[in-house]
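Undergrad: Kindly return the folded structure for what I paste below:
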Amino acid sequence: MPNPIVTLTRCSDYSRSSIKEALERHFELLGGLERFVKPGDTVLLKPNFIAPRSRRHATQTDPAVILETARLLKDFGARPFVGDSPAWSNVFVCVKALKLEEPLKKLSVPVKQLDKPKQCRIGAKDTSVGISSVALDADVIINLPKLKSHQQLVATFAVKNMFGCVSGKRKALWHFIKGKNMNDFCELLIDIYKYLNPTLTIIDAVTVMDGPGPIRGRARPLGYLLGGTDPIACETICAKLVGIEPEDIPIIKTAGQIGFGCSETTKIEIAGDDFSPGKDIDFKLPELIPIRFSLLHVCKSICKQILLLAKATIKINNRRERSGRREKTNEKEQGSGRQDR
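TA: Below is the predicted model:
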């Protein structure tokens, strides 16, 4: 097997021109967009939409990365859509927090909740997992994670983002079922990634999160986009980039044990800009907490999510009602104007 390639491009900000140039360079270094997508393909852009927080928090994949990837795909003739099943609230509220609603609408790029789960048998253990049929129906998946610290997994770079294709609070339930053993949980994450098989991963590391991630850590600049088809090779380079030994990342460690991907730095080819391991970088690691959620935690989490979704639904319905009333008023005024003439 040829050595995996990880593309690395410096990108100091989220301006449209900077992100567009960086993304185009990634695809060029990896053999062209046509290597991954055909015109007419439906393409799921799977960002990290864990919770509805603005871009300044670095909790979610930055909107510029999502938008410019969507533009490239549209220009190529593909049919991208943005989808996720956030841990908190829903994909539409997360999109709103990033002020992505209007830009995506102007591009005619739909936003979809990754719901309607289908039971899939995955991995060597033939585990039955409810994975969103919306994700499964896409012709191609492009994985757009955020480089972040993680209080349960040290840091997450590529693999765990596909856990968002498990619908709703089933994710919390899997924390309870598999969380007693770190290797079992990480193997589940890898099996989900393998089953969904994203054609490409592009990691947003322009601004990253350290400290108590993945939601409440510190946003700090790093200045890179990373890409590749081997998620473990990408994870390995991300770890080195922020000064973490790859074997200290549970997902990378488990991947090595089950023979998935490449975590040997000497076998990974870096394409693009110079790479220097960040031994002196001030990337703060989180204080680790158990992966396993208690059953009470899962129940509370489900109840809280139901409440958040209910509130979001009420807001959406209220907006629709107001919009409908305005349209009726406009129609009446126009009818009155015609009668006056």
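
Undergrad: For residue 111, see how far away residue 155 is.
TA: 28 Å (CB to CB, to the nearest Å). For the C-beta atoms, the positions are set from N, CA and C on the backbone; glycine is no exception.

Undergrad: Give the residue from the two that has the larger number of neighbours.
TA: Between residue 155 and residue 111, counting by other CB atoms under 10 Å, residue 155 is the more crowded of the two (27 against 20).

Undergrad: Check whether the more buried one really touches residue 145, as I assumed.
TA: No - the criterion here is CB atoms under 8 Å, and residue 155 misses it with residue 145 at 11.1 Å.

Undergrad: how about the CA coordinates for the helix or strand that residue 202 is a member of, as CSV?
TA: Using DSSP states H and E, the element containing residue 202 is strand 200-210. The C-alpha coordinates for strand 200-210 follow below in CSV (Å, rounded to 0.1, in the frame of the first residue of the first chain):
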residue,chain,number,x,y,z
LEU,A,200,-12.2,12.8,2.3
THR,A,201,-11.6,14.6,5.6
ILE,A,202,-10.7,18.3,5.8
ILE,A,203,-9.9,19.5,9.3
ASP,A,204,-10.5,23.1,10.4
ALA,A,205,-7.5,24.0,12.5
VAL,A,206,-7.3,27.7,11.6
THR,A,207,-8.8,28.5,15.1
VAL,A,208,-8.8,25.5,17.4
MET,A,209,-10.1,24.7,20.9
ASP,A,210,-7.9,23.6,23.9
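
Undergrad: Mind checking what secondary structure the residue lying closest to residue 241 once chain neighbours are set aside has?
TA: Excluding its sequence neighbours, the residue lying closest to residue 241 (CB to CB, 6 or more residues apart in numbering) is residue 278, at 5.4 Å. Under DSSP: H, G, I helix; E, B strand; the rest coil, the three-state class of residue 278 is coil.

Undergrad: again, but for residue 22
TA: Taking three-state DSSP, the label given to residue 22 is helix.

Undergrad: my guess is it contacts residue 12, does it?
TA: No - with contacts counted by CB under 8 Å, residue 22 stays clear of residue 12, the gap being 9.9 Å.

Undergrad: out of those two, which sits in the busier spot?
TA: residue 22 (24 against 12).

Undergrad: Contact partners for the more buried one?
TA: 9, 10, 11, 225 (CB atoms under 8 Å, 6 or more residues apart in numbering).

Undergrad: For residue 226, see how far away it is.
TA: 10 Å.

Undergrad: mind checking the backbone torsions on residue 112?
TA: Phi and psi for residue 112, reported as degrees, to the nearest 10, are phi -130, psi 140.

Undergrad: Quickly note the distance from it to residue 228.
TA: 26 Å.

Undergrad: quick one, which of those two is more surrounded?
TA: residue 228 (29 against 18).

Undergrad: Can you pull the phi/psi pair for that one?
TA: Dihedral angles for residue 228 - degrees, to the nearest 10 - are phi 170, psi 170.

Undergrad: Could I get the full set of helices for the stretch 151-300 of the chain?
TA: 170-178, 182-196, 231-241, 250-258, 295-340 (DSSP state H, counting those that start in this stretch).

Undergrad: what about the first one, distance to the chain center?
TA: So that's helix 170-178. In terms of CA atoms, centre = their mean, to the nearest Å, the centre of helix 170-178 is set 19 Å apart from its chain centre.

Undergrad: mind listing what residue 246 touches?
TA: 235, 236, 239, 240, 252, 263, 265.

Undergrad: Could you report the separation of the nearest residue to residue 9 once chain neighbours are set aside from residue 143?
TA: Take residue 9 and drop its neighbours on the chain: the residue closest to it by CB to CB, 6+ apart is residue 22, 4.4 Å away. In this view, residue 22 and residue 143 are 16 Å apart by CB to CB.

Undergrad: Low-confidence regions, this structure specifically.
TA: For the chain, the stretches with pLDDT under 70 are 279-280, 293-341.

Undergrad: Let's see stretch 107-114 as CSV, backbone CA atoms only.
TA: Extracted C-alpha coordinates of stretch 107-114, given in CSV (Å, rounded to 0.1, in the frame of the first residue of the first chain):
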residue,chain,number,x,y,z
LEU,A,107,-26.1,29.0,-2.6
SER,A,108,-29.2,26.8,-2.7
VAL,A,109,-27.4,24.4,-0.3
PRO,A,110,-30.0,22.6,1.9
VAL,A,111,-29.5,22.0,5.6
LYS,A,112,-30.7,18.6,6.9
GLN,A,113,-31.1,17.0,10.4
LEU,A,114,-29.4,13.6,10.4
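
Undergrad: May I see the buried residues of it?
TA: 109, 111, 112, 113, 114 (16 or more other CB atoms under 10 Å).
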